[in-house]
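**Q** Take a look and give me a structure for this.
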Amino acid sequence: MSSSITPMKLPADIKPEQIKTGMTLRIHQKIKETDVNGKEKERIQVYEGLVMNIGGKGISKTMTVRKMSGGFGVEKIFPLTLPSITRIELVKMVKTRRKNISFIRHSKKRLHEVKDIKLKVV
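**A** Residues are numbered from 1 along each chain as shown. Modelled structure (predicted):
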C-alpha cells in the first residue's frame, strides 16, 4: 500500500494519524449527561481550536488543543485514541517550524496560514 499526497478542500475530515501542530481542528466528542430525574442523555459537543502540541507515542499519544472562550484561553488535552471522539475536521492550517508552539500563549505574533494543504493518505 503506497502513501500518496492529496490536496484537500476545507473543512475536511482527517484521521488522527494525520494531525500536525499548527492545525485548527473541530473535534466532535460524545458527552453523556444525566438530568435531575436520572435519565442519561448523549449529545455531541464540538471543540474548535489550534493544535499546540502532540506528545507520546502509540496508544498513549495525545494532542493539546487551545481555543479562546470569552477572552480567555482554554486548553484541553485529547488522547488520539479516545473512543468518544466521533469526528475530527480540519478547518485551517498554519505554517510552523516547531513541534511545540506553546509560545503562542504569550505572544501576539501571527502565524502564516497555509493556502494549499496537502496531507499524506494513511
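**Q** Run through the bridge partners of the residue positioned nearest the centre of the chain.
**A** Closest to where the C-alpha atoms of the chain average out (C-alpha atoms, centre = their mean) is residue 25, at 3.9 Å. On the basis of DSSP bridges, residue 25 is bridged to residue 49, residue 90.
**Q** you'd agree it is up against residue 88?
**A** Yes. Between residue 25 and residue 88 there is a contact under C-beta atoms under 8 Å: 5.8 Å. Quick note: C-beta positions are derived from backbone N, CA and C, even for glycine.
**Q** what do the two both touch?
**A** 14, 19 (C-beta atoms under 8 Å, 6 or more residues apart in numbering).
**Q** so which strand or helix has the nearest residue to residue 75 once chain neighbours are set aside?
**A** Excluding the flanking residues, the one nearest residue 75 by C-beta to C-beta, 6 or more residues apart in numbering is residue 66, at 4.7 Å. Per DSSP states H and E, residue 66 falls inside strand 62-69.
**Q** The residue nearest to residue 75 is in contact with residue 73, isn't it?
**A** Yes. Look at residue 66 against residue 73 with C-beta under 8 Å: they come within range, at 5.7 Å.
**Q** wait, residue 51 sits on residue 23?
**A** Yes. Using C-beta under 8 Å, residue 51 is in contact with residue 23, at 4.9 Å.
**Q** if we can go back for a sec, overlap of the contact sets of residue 66 and residue 73?
**A** Looking at what touches both residue 66 and residue 73 (by C-beta under 8 Å, 6+ apart), the common residues are residue 105.
**Q** Have a look at those two and say which one is more surrounded.
**A** Applying other C-beta atoms under 10 Å to residue 66 and residue 73 shows that residue 66 carries more neighbours, namely 17 against 13.
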